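>>> No letters, just coordinates:
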Ligand code: 13P
């Protein structure tokens, strides 16, 4: 099975119009790529960024969507709105949304359905806290999140899974290669479809990317801080392009 690898950048709550120049630089550096390249900026930048990256390898995604298609939900964004603004993907169930907004895996599953209904690929995030890892609960936590966050019908075309240990996000700490390998092997075994892409996320940077991409069953990365600057993100993309298949 051929899996097209994916380098995804999550800008989180960072970026105003002056940062569009980073997307412009990234698009200029990647007119084409052997991997998929994705930026998920704040929703306010999607439409203008879509014009900038047009014709390049850079695709766009949102960072969350509502479970309903439309209605009286002040401040929320529907999946169709993201699609309309130029997104092809949406990140769902990020640990920051689970923590900041109390999103449960059942909430995430409902959002995934909404994303699919609007033609978006869902990037579903899973990950254990440090306390859960210390208590040897990692695979149990990941297994439960996986089972509860993915609705029936998830497949390689409509879903990407991102393993993001909560304790590795924004901390500069990464799991050992063995720890990443263990979780990714588990995800490969339990994913609904053999071709579902499995991303690693949490303190990926230009210096550690190649060694992370060499781990079995790592099909790419979901990158936070190091995706904000084109110069950094492009080095991560290059490392993914150079990594061996599968
Ligand atoms: P950092 O790469 O900044 O650790 O963030 C990871 C992340 O949460 C991506 O979704």
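All right, it came through fine. Quick caveat: nothing in here was measured; it's all calculated off a predicted structure.
>>> low-scoring pLDDT stretches of this structure, where are they?
The model of the chain has pLDDT under 70 over residues 245-246.
>>> contacting residues for the residue in it that the ligand sits nearest to?
Here the chain gets closest to the ligand at one residue, residue 224, 2.3 Å apart by C-beta to the nearest ligand atom. Just so you know, the C-beta spots here come from the backbone N, C-alpha and C atoms, and that holds for glycine as well. Applying C-beta atoms under 8 Å, 6 or more residues apart in numbering to residue 224 gives the contacts 9-12, 169-170, 201.
>>> Where do the strands of this structure begin and end?
6-10, 36-40, 58-62, 89-92, 121-126, 159-163, 197-201, 220-223 (DSSP state E).
>>> Return the residues in contact with the residue sitting nearest the centre point of the chain.
Centroid-nearest residue in the chain: residue 222, 4.5 Å away (criterion: C-alpha atoms, centre = their mean). With contacts defined as C-beta under 8 Å, 6+ apart, residue 222 is in contact with 8, 10, 91, 123, 125, 162, 164, 199-201, 204.
>>> can you rerun that using 10 Å?
Residues near residue 222 by C-beta atoms under 10 Å, 6 or more residues apart in numbering: 6-10, 38, 40, 91, 94, 123, 125, 160-164, 169, 199-202, 204.
>>> Residue 101 now?
Residue 101 neighbours (C-beta under 10 Å, 6+ apart): 64, 94, 107.
>>> Residue 77 is in contact with the first one, correct?
Yes. With contact defined as C-beta atoms under 10 Å, residue 64 counts as touching residue 77 (7.0 Å).
>>> between the two, which one's more packed in?
Legend: neighbour count by other C-beta atoms under 10 Å for residue 64 and residue 77, higher for residue 64 (22 against 18).
>>> Quick check: the gap between the residue nearest to residue 172 when sequence neighbours are not counted and residue 22.
Excluding the flanking residues, the one nearest residue 172 by C-beta to C-beta, 6 or more residues apart in numbering is residue 203, at 5.3 Å. For residue 203, the distance to residue 22 (C-beta to C-beta, to the nearest Å) stands at 20 Å.
>>> try residue 32
The spacing between residue 32 and residue 22, counted by C-beta to C-beta, is 19 Å.
>>> More neighbours: the two, which one.
A count of neighbours by other C-beta under 10 Å puts residue 22 above the other of residue 32 and residue 22, at 23 against 8.
>>> First-to-last residue distance for stretch 194-205?
Distance between the two ends of stretch 194-205: 27 Å, counting by C-alpha to C-alpha, to the nearest Å.
>>> Pretty sure residue 235 sits against residue 210.
Yes. Contact criterion C-beta under 10 Å: residue 235 and residue 210 qualify, at 9.3 Å.
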